[in-house]
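Asks: Coordinates only, no sequence provided:
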């Protein structure tokens, strides 16, 4: 949590022990994260939420349809460089208003 | 009781947007960042942090303590009681039931809005804490006190939408920065490097500061708590049942028990008011009953003019019902009235009713409610009652709840009329079908009731406590409040239940239930599947979900089969429609059928076509270019399935459709079961196992 983030210069090649993970929202906006394979996802989530200025509760992350736990790491999930993570917002429903 | 957890506050504090995230130096901008952005970031980093002040409520309590006891001043005593009641409701409730009922009734009688204060002390004490904490507390308050407010608004505004008075909002929650309605377009919004980890000394320092402050606050609260405990003991002593009964016969003028007499007097007044309102309610109900019978009775045929007249009458009735709802509030109105009551109490001291005369309030209102529910669901009135028989939270929320229901009663009457045009009532026999049904289906066990209470108790618990930690679902308590009666379900409840169904499916494949035909092999997608497949982009895109069904992903999901086209018989997809409605879609590969199960009787051909398209692509992609042709498959929207009779239960219907589809059984439930099923589903979610 107390890490300091550095600006990455464009598309500089990532060192071998890091991978790029792309978090995309439902309107196609993408945020690229350079992480170590063992980094816990909670860091990515926090950084993403602060970047987008949203509350963490309001959003969840899916990797290939599976919910990502904040304690999991890219290595645990078999992620490779350039993999996409979907950020999805809460869905609600009660009845069909048009009926 | 107000509970303080310094560690929890501490951790919340640092994950808050005010402090934790913004305090770091964030350099997340892409290559094109400008100076202006930099300035903006500088501003973000500034932190407004002030030391906490002692609670205002607590100070008031302590400062008023001495004079009150001596003077026996009624108003001051009342004030005291309020404070004590607010801060130690459960101590009040624990023993000394009789005097406590008197005390509670008094608090209710003297100041109805006071009941809203159940959560206020928390907020006051947190007044100097960061925004995120305060927000949580406020949220608690809203959720706790008015669990159905937003929904009510929805209901009311939905009338406007229908009549075209208001424009429909695009999304329910506009606070989100991401909107479903934005056109999908790929764009890179930034780069973040998380690979370097350096400790921020400034951060540690601030953490220590905050920790100290939390400790101070905690100690203050402990002191306050001790003082108030003393106070409450005194108050109890003075208004204990024994002293009450002694005094009753002799002198109503004894100051120490006067508060009880006030309560009793007020209660008499209230009772007469309630009696009156109940009579009016019955008259109203009969009136509406007649209207509905005339309209929906067997073989009824009425002209358009008569129909309009009926609608007008029903609207009048609804207005009347709203008016009736006000009566309990008015009954508890002013201080002047309470003074009168005191005089009255003194005058007729010996004739006063015993303390237990307070009890009828809630049942009476509930009865009214039940009756009006019976009116609303005119054709199966017995079921309407069934669904209200087991209602555990009534005891928790007491009068609040009863009044809320009173309010809704009016809306429901109104709504009942509006929906009349949509042919829902004439064929209500249909939704009752769905297989032979045992009378005793879905009885809530003690354990389930316990879970229900545990999750929905609002005192002494934190809305952010993790209550589910299952397969990377980390769910705080507040997300599960959606399973309270009349709440809209959220995606968490649906998706965790789908995961549990998948697990049940696996178990059933290993140990098929004996004595019946084996259930179909199922796959359960989550509710985001269709969003990714076509809803977000606005066009079909197989690539978005191509990887969802890779063998190792299926394995992680809990699916035993490695190929869901070849090895699975039934694919079930929960569907979220515009963030307003839940339905269930199913692909029956065995019988070549695509079905759309909607508890509101609608059909979505587009959705089924996309699903069919997906199945073809999936077959081609995962089964070595296997050509599957779904053009001849049946697309159904079965009409003889259970239908919801309200505007909030569709999520539960979706869950239950999936539940019974997975079992390969007919839909053996109906609207009146949903209240109990909510408890069962909640229990299953919390225990991570479906046991019914």
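Replies: Sure, I can see it. Everything numeric here is computed off the predicted structure, so don't read it as measured data.
Asks: State the pLDDT value of residue B:455.
Replies: Listed pLDDT for residue B:455 reads 86.
Asks: what about the closest residue to it other than its chain neighbours, neighbour count?
Replies: Distance criterion CB to CB, 6 or more residues apart in numbering or on different chains; nearest residue to residue B:455, sequence neighbours excluded, is residue B:480 at 5.2 Å. For every residue, glycine as well, the C-beta is placed using N, CA and C. Around residue B:480 there are 22 other residues, counting by other CB atoms under 10 Å in any protein chain shown.
Asks: ok, residue B:480 - contacts?
Replies: B:455, B:467-468, B:492-493, B:682, B:685-686 (CB atoms under 8 Å, 6 or more residues apart in numbering or on different chains).
Asks: export those to TSV and tack on neighbour count and secondary structure?
Replies: Shown next, in TSV, are those (neighbours: other CB atoms under 10 Å in any protein chain shown; DSSP: H, G, I helix; E, B strand; the rest coil):
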residue	neighbour count	secondary structure
B:455	22	helix
B:467	19	strand
B:468	20	strand
B:492	22	helix
B:493	27	helix
B:682	23	helix
B:685	26	helix
B:686	20	helix
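Asks: where's residue B:552, which helix or strand?
Replies: Assignment of secondary structure by DSSP states H and E places residue B:552 within helix B:551-557.
Asks: so which residue of chain A comes closest to chain B?
Replies: residue A:69 (3.0 Å; CB to the nearest CB).
Asks: which SS class is that residue?
Replies: Classification of residue A:69 using DSSP: H, G, I helix; E, B strand; the rest coil returns coil.
Asks: Tell me who's in contact with the residue nearest to it when sequence neighbours are not counted.
Replies: Spatially, and ignoring its direct neighbours in sequence, residue A:69 is nearest to residue B:472 (3.0 Å; CB to CB, 6+ apart). Going by CB under 8 Å, 6+ apart, residue B:472 touches A:66-69, A:71-72.
Asks: ok, 10 Å please
Replies: Applying CB atoms under 10 Å, 6 or more residues apart in numbering or on different chains to residue B:472 gives the contacts A:41, A:60-61, A:63, A:66-72, A:76-77, B:499, B:556.
Asks: ok, those vs residue A:88, which is closest?
Replies: residue A:60 (5.9 Å; CB to CB).
Asks: so who does the closest one touch?
Replies: With CB under 10 Å, 6+ apart, residue A:60 has these contacts: A:45, A:67-68, A:86-90, B:472-475, B:491-492, B:495, B:528.
Asks: re earlier: residue B:581: which of the contacts of residue B:472 is nearest?
Replies: For the contacts of residue B:472, the nearest to residue B:581 is residue A:60 (20.5 Å; CB to CB).
Asks: Report the mean per-residue pLDDT for the helix or strand the closest one falls within.
Replies: Element membership of residue A:60, judged by DSSP H and E, is strand A:59-63. Averaging pLDDT along strand A:59-63 yields 92.
Asks: Pull out the buried positions in stretch B:550-565.
Replies: B:553-554, B:556-559, B:561, B:564-565 (16 or more other CB atoms under 10 Å in any protein chain shown).
Asks: Give me the distance between the two termini of it.
Replies: When the termini of stretch B:550-565 are compared using CA to CA, to the nearest Å, they are 12 Å apart.
Asks: can you tell if it touches chain A?
Replies: Yes - for stretch B:550-565 and chain A, the contact criterion (CB under 10 Å from any CB of the partner chain) is met by B:550, B:552-554, B:556-557.
Asks: These into TSV, with extra columns for pLDDT?
Replies: Shown next, in TSV, are the residues of stretch B:550-565 next to chain A (pLDDT from 0 to 100):
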residue	pLDDT
B:550	91
B:552	89
B:553	90
B:554	91
B:556	88
B:557	88
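Asks: Now do stretch A:26-44, average pLDDT.
Replies: In this model, stretch A:26-44 has an average pLDDT of 90.
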